[in-house]
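Colleague: I need the structure of the sequence given here:
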Amino acid sequence: MAKGKSLLAYAVTRGVLAVPMLLILLTMVFFVLRVLPGDPVLALWHGREPPPSVVEEARRELGLDQPVWVQYARYMTGIFRGDLGTSIGEFYHGKPVWGEIATRLPATVELAIGGMVVASVIGIPLGVISGARRDTLADVVIRLYGTIVWVIPIFWLGVIFQIVFAIGLGWFPPHGRWQGTTYPKAVTGMYTIDSLLEGNFSHFTMAVRHLFLPCLTLGLVLSGFFTKTVRANMIRTMGADYTEASRARGIPERRVVGRHAFKNALVPVITVLGLQFAILFAGAVLTEKTFSIEGIGLLLLESVISKDMTMIQGIVVVYATIIVAISLVIDVLGALVDPRIRL
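Modeller: Here you go, the predicted model:
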């Protein structure tokens, strides 16, 4: 019971400390967007010169004529009320920012989770094998694999997969999230989950087929980093005193690797891999563009093109919140695996 209470106290402490971190990130988002070159109001006229009176009226409507501290107060108040403002860009002009993000976010979450699963299933076992069999042929081959896939451009790999598996072999759809006019009943917005919730296996199969190539693209590239990270930590724990003591007691090598070396290598691995999962949301931009997936990565790209400051600001706020939340989960998981972290 004491152990559970200690973990709860640690989780609460980390949660409290996450609040100022989030406030700092939100403040940085606000000020960085206002020092970047380009005028979002002038961008609405696509390079034409609007009358000064029209420009002033637009600034007044958007609140850009107010002092910076007033804009900041409105910005923070809106965030805590769940109001991220209204789009001022060409593509989504006049639409609520949160409405557009909420519509697109499930696609990005689904892609990020799928990519993480692929990277973990491939990268972690390869890293364990490579670290446990250091300087063998298997280690050399796995290290070579990790180096190659980690430096492959995501968009290039995605195009190759589209040409080979979608256009050439016809095994998977080349782009998009869905085909047809009948969609799963919207509950989470993630087609795979919603298909399972409604018990429709054909819908689930269609959703998985559309996700397979984008998730494979994102996951393969990330698996190279996973392989290298797990290998480095396995080498450290394989040479530790407690591992050597386990061998001296006659414990089989398989159990030494699985129950002693890998378990102790898991704490730093959880931290690094969890942060990579947060970065996946930003890295999904190229994958979404390549496979025409309408997630928040593609929404961010369109907003940058149209200089939609309000939309960009809202998307980055959501990204920052996700990263802080994932960091908190990582801290708690690390404390659960290794109680020494709570000391």
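Colleague: for residue 108, helix, strand, or coil?
Modeller: Under DSSP: H, G, I helix; E, B strand; the rest coil, residue 108 falls in the helix class.
Colleague: and it, what does it touch?
Modeller: Applying C-beta atoms under 8 Å, 6 or more residues apart in numbering to residue 108 gives the contacts 281, 284, 288, 295, 296, 297. Heads up, the C-betas are built off the backbone N, CA and C, glycines and all.
Colleague: save those residues as TSV, and put in secondary structure too.
Modeller: Below are those laid out as TSV (three-state DSSP):
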residue	secondary structure
281	helix
284	helix
288	helix
295	coil
296	helix
297	helix
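Colleague: farthest pair within those?
Modeller: Distance extremes for the contacts of residue 108: the farthest pair is 281 and 288 at 10.6 Å, using C-beta to C-beta.
Colleague: what residues are shared contacts of those two?
Modeller: Joint contacts of residue 281 and residue 288 (C-beta under 8 Å, 6+ apart) are 108, 297.
Colleague: more neighbours: these two, which one.
Modeller: residue 288 (26 against 22; other C-beta atoms under 10 Å).
Colleague: mind checking pLDDT for that one?
Modeller: For residue 288, the pLDDT comes out at 85.
Colleague: could you do residue 294 as well?
Modeller: On pLDDT, residue 294 comes in at 85.
Colleague: which element is it on?
Modeller: Counting by DSSP states H and E, no helix or strand carries residue 294.
Colleague: please report phi then psi for it.
Modeller: The phi/psi pair for residue 294 (degrees, to the nearest 10) reads phi -80, psi 70.
Colleague: look up the closest residue to residue 150, ignoring the ones flanking it.
Modeller: residue 224 (3.1 Å; C-beta to C-beta, 6 or more residues apart in numbering).
Colleague: report the secondary structure state of the one you found.
Modeller: Going by three-state DSSP: residue 224 is helix.
Colleague: ok, it touching residue 126?
Modeller: No: counting by C-beta atoms under 8 Å, residue 224 sits too far from residue 126 to count as a contact (9.3 Å).
Colleague: among the contacts of residue 108, which one lies nearest to residue 195?
Modeller: For those, the nearest to residue 195 is residue 295 (18.0 Å; C-beta to C-beta).
Colleague: about what we covered before: for residue 224 and residue 126, list the residues in contact with both.
Modeller: With C-beta under 8 Å, 6+ apart as the test, residue 224 and residue 126 both reach 145, 146.
Colleague: give me the low-pLDDT residue ranges for the stretch 101-250 of the chain?
Modeller: Within the stretch 101-250 of the chain, the segments meeting pLDDT under 70 span 239-244, 246-247, 250.
Colleague: redo that, cut-off 80
Modeller: 180-183, 186, 236-250 (pLDDT under 80).
Colleague: where do the helices sit along it?
Modeller: 137-151, 154-161, 191-197, 201-238, 241-248 (DSSP state H, counting those that start in this stretch).
Colleague: C-alpha coordinates for the second one, PDB please?
Modeller: Right, helix 154-161. Only the C-alpha atoms of helix 154-161 are listed here, as PDB (Å, rounded to 0.1, in the frame of the first residue of the first chain):
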ATOM      1  CA  ILE A 154      10.200   9.700 -44.900                       C
ATOM      2  CA  PHE A 155       8.700  11.200 -48.000                       C
ATOM      3  CA  TRP A 156      11.000   9.200 -50.300                       C
ATOM      4  CA  LEU A 157      10.300   5.900 -48.500                       C
ATOM      5  CA  GLY A 158       6.600   6.600 -48.600                       C
ATOM      6  CA  VAL A 159       6.700   7.300 -52.400                       C
ATOM      7  CA  ILE A 160       8.600   4.000 -52.900                       C
ATOM      8  CA  PHE A 161       6.000   2.100 -50.900                       C
END
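Colleague: can you give me the offset of it from its chain's centre?
Modeller: 19 Å (C-alpha atoms, centre = their mean, to the nearest Å).
Colleague: what sits up against it?
Modeller: 213-214, 216-218, 220-221, 283, 286-287, 289-291.
Colleague: quick check: the farthest pair among the residues you listed?
Modeller: The distance between the two most remote of the contacts of helix 154-161 (C-beta to C-beta) is 17.4 Å, for 220 and 289.
Colleague: who are the neighbours in contact with residue 222?
Modeller: So residue 222 contacts 115, 116, 118, 119, 123, 276, 280, 283 (C-beta under 8 Å, 6+ apart).
Colleague: counting neighbours, which of these comes out on top?
Modeller: residue 123 (30 neighbours).
Colleague: wait, that residue touches residue 225, no?
Modeller: Yes: taking contacts as C-beta under 8 Å, residue 123 lies within contact range of residue 225: 7.2 Å.
Colleague: spit out the residues that contact those two alike.
Modeller: residue 146.
Colleague: ok, and the closest non-adjacent residue to residue 98?
Modeller: Per C-beta to C-beta, 6+ apart, closest to residue 98 is residue 84, 4.6 Å.
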